[in-house]
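Q: Based on what follows, work out the 3D shape:
(one chain, ligands or ions: 1)
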Amino acid sequence: MGEGMELCENGPVENSTFALSDVQRHFRDTMRLFAEEKVLPHAAEIDRTAEFPWESFKACVEMELPALGIPEAYGGAGADMVTQAIMAEELARVCASTSLTMLISKLGMLPIMNWGSEELKERYLPRVAAGEIQASYCLSEADAGSDVAAMGSRAVRDGDDYILTGSKYWITNAGISDVYIVFAKTDPTARGRGISCFVVERDWGISIAKHEDKLGLRGSPTGEVVLDEVRVPATHRIGEEGQGFTIAMHTLDRSRPTIGAQAVGIAQGAIDYAATYMKQRHAFGAPIADLQGLRFMLAEMAIRTEAARALIYRACAMVDSDPTNELTLFGAMAKAFASDTAMSVTIDAVQLLGGYGYTKDFPVERFLRDAKVTQIYEGTNQVQKVVIAREILKNA
Ligand SMILES: Cc1cc2nc3c(=O)[nH]c(=O)nc-3n(C[C@H](O)[C@H](O)[C@H](O)COP(=O)(O)OP(=O)(O)OC[C@H]3O[C@@H](n4cnc5c(N)ncnc54)[C@H](O)[C@@H]3O)c2cc1C
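A: Numbers count the residues shown, from 1 in each chain. As a prediction, this is how the structure comes out:
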């Protein structure tokens, strides 16, 4: 019997993706301790100052977390996607901004991992795995968010180079990242089919026009990345000319489940905090945890979060193995459900803390603000529903 196979009364079956392995459970325990000791102490402060969480990032590098999603052949740990989701969850349970520092470079490296040349893989993957450099993913523009194909950025071939000009909006890690994956049109007359994908190093001429002052995820810088005739060697094109839209969607399919994991982590953080508070806070001579109405709220929050987690792990397992080609459907469902869950759970957590929940002395209002963006980025939840319906109708 092969590794990963077990006997059941109906014969051998593969290990279920619905149960965590011992290694994954142990990893969660380790991550929880690490996040509470090294990340949590900075979370409120970086939210207040809106500064990049360098202390937390460095602690993550010491834990070798940037290596998790990079293949072993390029200096990474080659971890499965459920394990990567656990990392995102446990970091987001205490600080969503820090969880995004780990997810964003992975998002940037996915096009290189799946579509890039050997030269590009060797040049960037080991350094991202070691935490020496960080990456950004530059798809959106001011007038092209959900409608990616409407982008106006241009890439014009010039001998062995391309000249890139344009402005990329909403870019996570703008100014922090060393490497920018930039989508631009090589054929401006075409929509999606005119887009190509490039790796651009910051020092080649990228500038940051502005940073957004955001509702949540305040420790994660979001900015406008400007390219003004930046010369990029043709060797730094990822995939073929015109393949950019396909690369972008393929990449988001593989990243979206981890955004859902971030949402699940935020929801779990809110549940854990609210449950502890309910036992300590007294009203009418008894802990508010004794009130059945509040117990039912807590139970609903836990049910939805656990259901979201199950859907996320299912989608994550499909990133590793998708024989029936269902990742697009499940990734979209998982991200939409998990982010809606995070939103409703964090709103309820604020309610459970009463007036205190509405202040910055307690973390649940931060969880609420951080949860909101998970319904917006990597495709809004409306767009996820467009995708879900399209996939269902395709097979009807
Ligand atoms: C904090 C943050 C970080 C981000 N990081 C990055 C990043 O690193 N890289 C990057 O490339 N982008 C990033 N984004 C951009 C993000 O992906 C876009 O904001 C998102 O795709 C939505 O685009 P938009 O803001 O232009 O909204 P619009 O596309 O203008 O949407 C406006 C409204 O219309 C709805 N809508 C649009 N089209 C449809 C449709 N077909 N059917 C139904 N409803 C529709 C939307 O759901 C939304 O409610 C980030 C955004 C934020 C807020």
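
Q: Let's verify the closest residue to T172 other than its chain neighbours: helix, strand, or coil?
A: Nearest non-adjacent residue to T172, counting by C-beta to C-beta, 6 or more residues apart in numbering: I104, 4.9 Å away. For every residue, glycine as well, the C-beta is placed using N, CA and C. Following DSSP: H, G, I helix; E, B strand; the rest coil, I104 is assigned to helix.

Q: hang on, I104 packs against N173?
A: Yes. Between I104 and N173 there is a contact at 5.1 Å, judged by C-beta atoms under 8 Å.

Q: Identify the contacts common to the two.
A: Shared contacts of I104 and N173, defined by C-beta atoms under 8 Å, 6 or more residues apart in numbering, are found at Q134, A135, S136, S220.

Q: Enumerate every residue touching the closest residue in space to the second one that isn't next to it in sequence.
A: Among residues not flanking A135 along the chain, G108 sits closest, at 2.8 Å (C-beta to C-beta, 6+ apart). When the contact criterion is C-beta under 8 Å, 6+ apart, the partners of G108 are V128, Q134, A135, S136, Y137, S177, V179, Y180, I181.

Q: and the third one, how far is that from M109?
A: Between A135 and M109 the distance is 6 Å, computed by C-beta to C-beta, to the nearest Å.

Q: Settle it for me: which of the two has more neighbours?
A: More crowded of A135 and M109, by other C-beta atoms under 10 Å: M109, with 29 against 26.

Q: ok, and the closest non-adjacent residue to the more buried one?
A: In space, and not counting its chain neighbours, M109 is closest to V128: 5.4 Å by C-beta to C-beta, 6+ apart.

Q: In three-state terms, how would that neighbour be classified?
A: Per three-state DSSP, the local secondary structure of V128 is helix.

Q: ok, now Y162?
A: Three-state assignment for Y162 (three-state DSSP): strand.

Q: Which helix or strand contains the nearest residue to it once chain neighbours are set aside?
A: Take Y162 and drop its neighbours on the chain: the residue closest to it by C-beta to C-beta, 6+ apart is A155, 4.5 Å away. According to DSSP states H and E, A155 maps onto strand 154-158.

Q: which other residues reach that strand?
A: The contact list for strand 154-158, computed with C-beta under 8 Å, 6+ apart, reads 162-166, 184-186, 188, 196, 198, 231-232, 234.

Q: Give the buried residues for it.
A: Within strand 154-158, the residues scored as buried using 16 or more other C-beta atoms under 10 Å are R154, A155.

Q: Helices of the stretch 151-300 of the chain, start to end?
A: With DSSP state H, counting those that start in this stretch as the criterion, the stretch 151-300 of the chain has helices at 244-280, 292-320.

Q: out of those, nearest to the ligand?
A: helix 244-280 (8.6 Å; C-beta to the nearest ligand atom).

Q: Report all helices and strands that that closest one contacts.
A: helix 81-92, helix 96-115, strand 179-185, strand 195-201, strand 286-287, helix 292-320, helix 327-352, helix 364-373 (3 or more C-beta pairs under 8 Å, 6 or more residues apart in numbering; DSSP states H and E).

Q: Could you dump those into TSV with mean pLDDT and distance to the ligand added?
A: Listed next are these as TSV, based on pLDDT from 0 to 100; distance: least, C-beta to the nearest ligand atom, whole Å:
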stretch	mean pLDDT	distance to the ligand
helix 81-92	98	14
helix 96-115	98	6
strand 179-185	98	8
strand 195-201	98	12
strand 286-287	98	37
helix 292-320	98	18
helix 327-352	98	11
helix 364-373	98	5
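
Q: in which helix or strand would I find C60?
A: helix 54-62.

Q: Looking at I104 and N173 now, which is surrounded by more residues?
A: Each of I104 and N173 has its neighbours counted (other C-beta under 10 Å); N173 has more, 25 against 21.

Q: how close does the more buried one sit to F52?
A: In this view, N173 and F52 are 8 Å apart by C-beta to C-beta.

Q: Which residues are in contact with each of these two?
A: Shared contacts of N173 and F52, defined by C-beta under 8 Å, 6+ apart, comprise T101, S220, P221.

Q: What parts of the chain come near the ligand?
A: Neighbours of the ligand within the chain, by C-beta under 6 Å from any ligand atom: 136-140, 145-146, 170-172, 214, 217, 222, 373, 376-380, 382-383, 386.

Q: Please produce a ChimeraX select command covering the buried subset of the residues you listed.
A: To isolate the buried members of the residues of the chain next to the ligand in ChimeraX, using 16+ other C-beta under 10 Å:
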select :136,137,138,139,140,145,170,171,172,214,217,222,373,377,378,379,383
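
Q: D228 against W204, yeah?
A: No. D228 lies out of contact with W204 (C-beta under 8 Å); the separation is 11.2 Å.
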